[in-house]
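Novice: Sequence first, then the predicted structure:
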Amino acid sequence: MSDRLTFARLVNDEGDMAGHVAYALYMRDKLTFIETFRLDKGRHPRDDELDAFIVTANLALRVSAYRSEAERSLEVFVQEVLEESTGEIARLYQRELYRQLARSRSFVRAVAENLAANLLAAACVALLAVVLYGSRIGFGNLVADVFGYHALPAPNDPPLSPGAGNLPAVPANH
């Protein structure tokens, strides 16, 4: 009997991982048999003695045992790989989460930045209102209104009409 027959009985097709592992287990047992035989008898087994091992290994019960052991070994391997991968993914996720949190702003800083931005926006609106109002009534009159005094015109200045700002009054006959 040959190892090709044993391979064919254990491995169903090229993608049969359990079959390939089962064949590796068979080869492990075969090498153990040869080494044990050599230690017990002081020589390597003859072909007929090795064939007896191969025939025994090809019995349906033994083939089933090899496949079962291979499937258990693969399950353990897959479980270990999954646990290791899951642990590594969890560590990477935690590291990225901590990195993102470290880069983010604190609550107090975010509130302070938003407050400063809102105050700046309010100041811009107020400045725009002052500029528009000042251009309408005149900046001198605006200052007088704000601080509660009235500017007296200089002796050479023409009289101002109310609400005309700093522009000279236009004669009525024009």
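Specialist: All right, it came through fine.
Novice: which residue ranges form the helices in the chain?
Specialist: 3-10, 17-41, 47-57, 60-103, 107-137, 139-147 (DSSP state H).
Novice: Which one of the ones you listed has the poorest average confidence?
Specialist: Within the helices of the chain, confidence is poorest for helix 139-147, with a mean of 79 (mean pLDDT).
Novice: just checking, what packs against it?
Specialist: helix 107-137 (3 or more Cβ pairs under 8 Å, 6 or more residues apart in numbering; DSSP states H and E). C-betas here are computed from N, CA, C, even on glycine.
Novice: Which other helices and strands does the helix it packs on contact?
Specialist: Here helix 107-137 touches helix 139-147, going by 3+ Cβ pairs under 8 Å, 6+ apart.
Novice: quick one: buried residues of the helix it packs on?
Specialist: 141-142 (16 or more other Cβ atoms under 10 Å).
Novice: Kindly calculate the angle that it makes with helix 107-137.
Specialist: Using axes from the mean of the first three to the mean of the last three Cα atoms, to 10 degrees, the direction of helix 139-147 lies 120 degrees away from that of helix 107-137.
Novice: so how far is helix 139-147 from its chain's centroid?
Specialist: Here the centre of helix 139-147 is set off from its chain's centre by 60 Å, with Cα atoms, centre = their mean, to the nearest Å.
Novice: Outline the domain layout of the protein.
Specialist: Domains of the chain are assigned by automatic domain parsing as 3-74, 107-147.
Novice: Next, the contact list for residue 2, please.
Specialist: residue 54 (Cβ atoms under 8 Å, 6 or more residues apart in numbering).
Novice: shift numbering so it begins at 197
Specialist: New numbering, starting at 197: the last item is residue 198.
Novice: Do you know the pLDDT at it?
Specialist: Residue 198 is given a pLDDT of 72.
Novice: next one: the one 10 residues further on
Specialist: Looking at residue 208, its pLDDT reads 92.
Novice: now it: how far from residue 259?
Specialist: Residue 208 is 11 Å from residue 259, where distance means Cβ to Cβ, to the nearest Å.
Novice: which of the two has more neighbours?
Specialist: residue 259 (17 against 11; other Cβ atoms under 10 Å).
Novice: I'd guessed the more buried one sits against residue 206; true?
Specialist: Yes. Assessed by Cβ atoms under 8 Å, residue 259 is found in contact with residue 206 at 6.2 Å.
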